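Student: dropping the sequence and predicted coords here.
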Amino acid sequence: MRRIRLWGTLAGMLVLVLAIVLTVDLAPPVEYVPDPATAAVEDTLPDPPSAYGIPLDGFVVERAKVHSGSTFGDLLAAHGVPYPLVDSLVRLADGVFDVRRMRAGHPIAFIFTDDAHRQLRYFVYEADAVEHVVFTTTLPLGVHVHRRPIITTERSVEVAVTGALYNDLARAGVDPLLSLQLAEVFAWTVDFYRIQKGDRFTVVFLEQRVDGAPYGPPRILAARYHGGDQAREAFLFAPEGGKEAYFDGEGNSLRKAFLKAPLKYSRISSGFSMRRFHPVQKRFKAHLGTDYAAPYGTPILAVGDGVVEKAGYTAGNGNYVKLRHNGTYSTQYLHMRKILVRTGQRVQQGQTIGEVGSTGLATGPHVCFRFWKNGKQVDHRREEFPSAEPVAAAHRDAFQRERDRLLLALDQAGGREVRPVVF
């Protein structure tokens, strides 16, 4: 009996242990840790290809150029577009694009369906690097202009003159046309015929690109010239609602009363002198002007606003023009091949008044430029002329803010770019 009770007790204890094992969590306590956030999977699939704003999935593109004599109708008809639809497209294009303006050499594109039918769906004419006229050649017909974005970037560069400034800028990796713009910006303050090796130009400019290719000429915002002990600066500024112009650091206009020279591209072959050996007359005499040698036909420019006082011919001067600028100043241009103005005509600064030649007593193509001040011939290269209007007092604060920004960019010149702006 005792043995039965013992076995019963042991069995009860075993059941109790099994119940504890099966129902009680005997593992050490573990703190709750939230599941890690699922990382966003970056979409690595490339955008479907497109051109002219048209998704090209399911299409093929054939590019060509307009040939001389080609017409809009012939180009489309050759790819299966019936003339009634061509006529409808021409009518739809009214006010958008005149198909008669298509020019030989311009790029065009034919966009076909990529299937057995190979149907022409779109025809594109590239008017220029930015604007493309897109014709939908299947129903419903359509015509619209697609524009590629123009990326405008502000850049700065500094170059030392080693020879031709044009080549120095090209070697620096910027548009060499900046050299021509610099000549215009500093036309009234820097004599480009006296630029020496080692002189330095620093430029801050805007550069435009379309699809990575240059688009249009650069635009100078600020420039600095160092030559010997001479330093000149220029800052582009446009008062609100006013015309933009270049000013020095004090807000004085860089536009002087006269250009430094009557030619853009030339060299000085003979300067102002009281005693010069005349190459034709073979004797010493005064040369009261400056000779600028240049190729035949080079445009001769009026150095300032004025009225044509004389335009004619003499044995010594050849074809010549004399301008009266005001009661103080007059200028004369000799040995022209062709005169392009008439007596009494009013001309503006920079206007072409003739072409370089060698008429009269001349041994080669050049223009003898003469300058009168109060009725006396003087060396214009030694004269100081008054500036045009400075920045108005009402706009001084705005000018100084822009000047300070551009000064910093000039000081940090070396190719630094700022954030591009998309127009």
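Tutor: That came in fine, so what should we check first?

Student: okay, stretch 299-306 in PDB with CA atoms only?
Tutor: Taking Å, rounded to 0.1, in the frame of the first residue of the first chain, the C-alpha atoms of stretch 299-306 are listed here in PDB:
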ATOM      1  CA  PRO A 299      35.700  98.400 -92.200                       C
ATOM      2  CA  ILE A 300      36.600 101.900 -91.000                       C
ATOM      3  CA  LEU A 301      34.600 103.000 -88.000                       C
ATOM      4  CA  ALA A 302      33.500 106.500 -86.800                       C
ATOM      5  CA  VAL A 303      35.200 106.900 -83.500                       C
ATOM      6  CA  GLY A 304      32.300 109.000 -82.200                       C
ATOM      7  CA  ASP A 305      28.900 110.400 -83.000                       C
ATOM      8  CA  GLY A 306      29.000 113.300 -85.500                       C
END
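
Student: residues making contact with it?
Tutor: Applying Cβ atoms under 8 Å, 6 or more residues apart in numbering, the contact partners of stretch 299-306 are 257-264, 321, 323-326, 329-331, 333, 336, 346-356, 367, 369. Glycine gets a C-beta too; all of them are placed from N, C-alpha and C.

Student: which among those end up buried?
Tutor: 257-264, 321, 323, 325, 329-331, 333, 336, 347, 349-351, 353-356, 367, 369 (16 or more other Cβ atoms under 10 Å).

Student: out of the contacts of stretch 299-306, list just those in strands.
Tutor: Using DSSP state E, 321, 323-324, 329-331, 333, 336, 346-347, 352-356, 367, 369 are the members of the contacts of stretch 299-306 that sit in strands.

Student: so how far is stretch 163-183 off the chain centroid?
Tutor: Here stretch 163-183 is found 13 Å from its chain centre; the criterion is Cα atoms, centre = their mean, to the nearest Å.

Student: equivalent analysis for stretch 385-396, please.
Tutor: Averaging C-alpha positions (Cα atoms, centre = their mean) puts stretch 385-396 27 Å from its chain's average.

Student: ok, residues contacting that stretch?
Tutor: With Cβ under 8 Å, 6+ apart as the test, stretch 385-396 has contacts from 188, 237, 239-240, 242, 245, 247, 250-258, 399.

Student: just to be sure, which of those are found in strands?
Tutor: Taking DSSP E, the ones among those that sit in strands are 237, 245, 247.

Student: and the residues you listed, which is closest to residue 105?
Tutor: Among the ones in strands among the contacts of stretch 385-396, residue 245 lies closest to residue 105 (Cβ to Cβ), at 37.3 Å.

Student: how much distance is there from stretch 329-342 to the middle of the chain?
Tutor: 33 Å.

Student: low pLDDT regions in the stretch 301-423 of the chain?
Tutor: Scanning the stretch 301-423 of the chain with the threshold set as pLDDT under 70 gives 414-423.

Student: low-confidence ranges, this structure, go.
Tutor: If you take pLDDT under 70 as the line, the chain has these spans: 1-48, 265-266, 271-286, 414-423.

Student: the nearest residue to residue 174 once chain neighbours are set aside: what's it in contact with?
Tutor: Spatially, and ignoring its direct neighbours in sequence, residue 174 is nearest to residue 157 (5.1 Å; Cβ to Cβ, 6 or more residues apart in numbering). Residue 157 makes contact with 169, 172-174, 202-203, 205, 413-415 under the criterion Cβ under 8 Å, 6+ apart.

Student: cutoff 10 Å now
Tutor: Neighbouring residues of residue 157 by Cβ atoms under 10 Å, 6 or more residues apart in numbering: 169, 172-175, 178, 201-205, 413-416.

Student: got a ChimeraX select line for the buried ones in those?
Tutor: Applying 16+ other Cβ under 10 Å to the contacts of residue 157, the buried members can be selected in ChimeraX as follows:
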select :169,172,174,175,178,201,202,203,204,205,413
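
Student: out of the contacts of residue 157, which sit inside strands?
Tutor: 201-205.

Student: the residues you listed into a markdown table, with extra columns for distance to residue 134?
Tutor: Shown next, in a markdown table, are the ones in strands among the contacts of residue 157 (distance: Cβ to Cβ, whole Å):
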| residue | distance to residue 134 |
| --- | --- |
| 201 | 43 |
| 202 | 43 |
| 203 | 38 |
| 204 | 37 |
| 205 | 33 |
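
Student: for the residues you listed, which one is nearest residue 97?
Tutor: Out of those, the member with the shortest distance to residue 97 (by Cβ to Cβ) is residue 205, at 32.7 Å.

Student: ok, back up a step: by neighbour count, which of the ones in strands among the contacts of stretch 385-396 wins?
Tutor: Using other Cβ atoms under 10 Å as the neighbour criterion, residue 247 leads these with 24 neighbours.

Student: now do the same contact list for it.
Tutor: Contacts of residue 247 by Cβ under 10 Å, 6+ apart are 233-237, 253-255, 387-391, 399, 402-403.

Student: make a ChimeraX selection of the buried ones in the residues you listed.
Tutor: Per 16+ other Cβ under 10 Å, the buried members of those correspond to this ChimeraX selection:
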select :233,234,235,236,237,253,254,255,391,399,402,403
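
Student: for the contacts of residue 247, which one is nearest residue 165?
Tutor: For the contacts of residue 247, the nearest to residue 165 is residue 234 (15.3 Å; Cβ to Cβ).

Student: where's the closest one relative to residue 206, distance?
Tutor: Residue 234 sits 15 Å away from residue 206, going by Cβ to Cβ, to the nearest Å.

Student: helix/strand/coil for residue 181?
Tutor: When classified by DSSP: H, G, I helix; E, B strand; the rest coil, residue 181 comes out as helix.
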